[in-house]
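Participant: requesting a structural model of the entry that follows:
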Amino acid sequence: MNDVYPGTPQYLAPSAASQQVPAPRCSHLLYLHGFRSSPRSAKAMRMAQWVAQHRPDLHFACPQLPPSPADSMALMQELTQGWPLHSSALMGSSLGGFYATAMAQQPGWEAVPTVLLNPAVDPARDLAGYIGEQTCWQDPQQRFFVRPEFMGELQALDGGELRAPARFLAVIAKGDEVLDWREMQARYAHCRIHLLPGSDHGLTADFEGLLPELSEFLRL
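Facilitator: Sure thing, here's the model as predicted:
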């Protein structure tokens, strides 16, 4: 495993003023699952367990996201209404990484640390072939529909150039069998990147070992 830090000099060499005023410890964390996933995914459950063990005081939210991207964004905004943004953080996997990026681009969220796990870069393109009825990975009995209009909703959430890229940490696996790691690396080129030489889309064998780095970045 290797870390890549292609970010700005301000990130690599913080000013004396920023060093003198430590960032507040995280008090609120929003975790966003991926496409066809749920709060019962392995990473979401492990994160909830970690919080229960190490930060029982932390307000941890991991909602079941609705099929509609617009509805998902509305739910995220509703859940985080009133959160102290100076001590909040975001974490998202795959499509949830795309949503976390979109949320981090919202006014007021520009300084919120955000961890992205194999984040989707162009889900409107990638999910066009999934229009129709789908099932949840963790519960095949749970069915939902992907509608054509969802592609436009996804496009509307693409916030363009990343603002304050130093507050993003993207974990990218070269062995991702679902998404192109090169596309992810290009999208988050000015952010902190943890590039895994192998692994897979779900970070199955690597997520546990990443927790110390992720929790430190999120100020947990």
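
Participant: for this structure, just list every one of the helices.
Facilitator: Assignment of helices within the chain using DSSP state H yields the ranges 9-12, 16-20, 42-54, 69-79, 95-104, 123-126, 149-157, 181-187, 207-217.

Participant: pick the most deeply packed of those helices.
Facilitator: helix 95-104 (a mean of 26; mean count of other C-beta atoms under 10 Å). (C-beta placed from N, C-alpha, C; glycine too.)

Participant: got the angle between that helix and helix 42-54?
Facilitator: Using axes from the mean of the first three to the mean of the last three C-alpha atoms, to 10 degrees, the interaxial angle of helix 95-104 with respect to helix 42-54 works out to 60 degrees.

Participant: circling back to that earlier point, how about the helices of the chain in CSV, adding mean pLDDT?
Facilitator: Putting these into CSV (pLDDT from 0 to 100) gives the following:
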stretch, mean pLDDT
helix 9-12, 39
helix 16-20, 50
helix 42-54, 97
helix 69-79, 97
helix 95-104, 98
helix 123-126, 97
helix 149-157, 97
helix 181-187, 98
helix 207-217, 97
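
Participant: of all those, which lies closest to T114?
Facilitator: Counting by C-beta to C-beta, T114 lies closest to helix 95-104 out of the helices of the chain; the figure is 4.6 Å.

Participant: so which elements touch that closest one?
Facilitator: For helix 95-104, the packing partners by 3 or more C-beta pairs under 8 Å, 6 or more residues apart in numbering; DSSP states H and E come out as strand 28-32, helix 69-79, strand 88-93, strand 114-117, helix 149-157, strand 168-173.

Participant: contacts for the fifth one, please.
Facilitator: This points to helix 149-157. Counting contacts by C-beta atoms under 8 Å, 6 or more residues apart in numbering, the residues outside helix 149-157 that touch it are 67-70, 73, 98-99, 102, 123-124, 127-128, 131.

Participant: what angle sits between that helix and helix 69-79?
Facilitator: Here helix 149-157 runs at 50 degrees with respect to helix 69-79, directions being taken by the same axes, to 10 degrees.

Participant: next one: helix 149-157 to chain centre, how far?
Facilitator: 18 Å (C-alpha atoms, centre = their mean, to the nearest Å).

Participant: kindly export it (C-alpha atoms) in CSV.
Facilitator: What follows is helix 149-157, C-alpha atoms only, in CSV (Å, rounded to 0.1, in the frame of the first residue of the first chain):
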residue,chain,number,x,y,z
GLU,A,149,-35.1,10.2,-14.9
PHE,A,150,-32.6,9.3,-12.2
MET,A,151,-29.7,9.7,-14.7
GLY,A,152,-30.6,13.4,-15.0
GLU,A,153,-30.8,13.7,-11.2
LEU,A,154,-27.3,12.3,-11.0
GLN,A,155,-26.0,14.7,-13.6
ALA,A,156,-27.5,17.6,-11.6
LEU,A,157,-25.5,16.5,-8.5
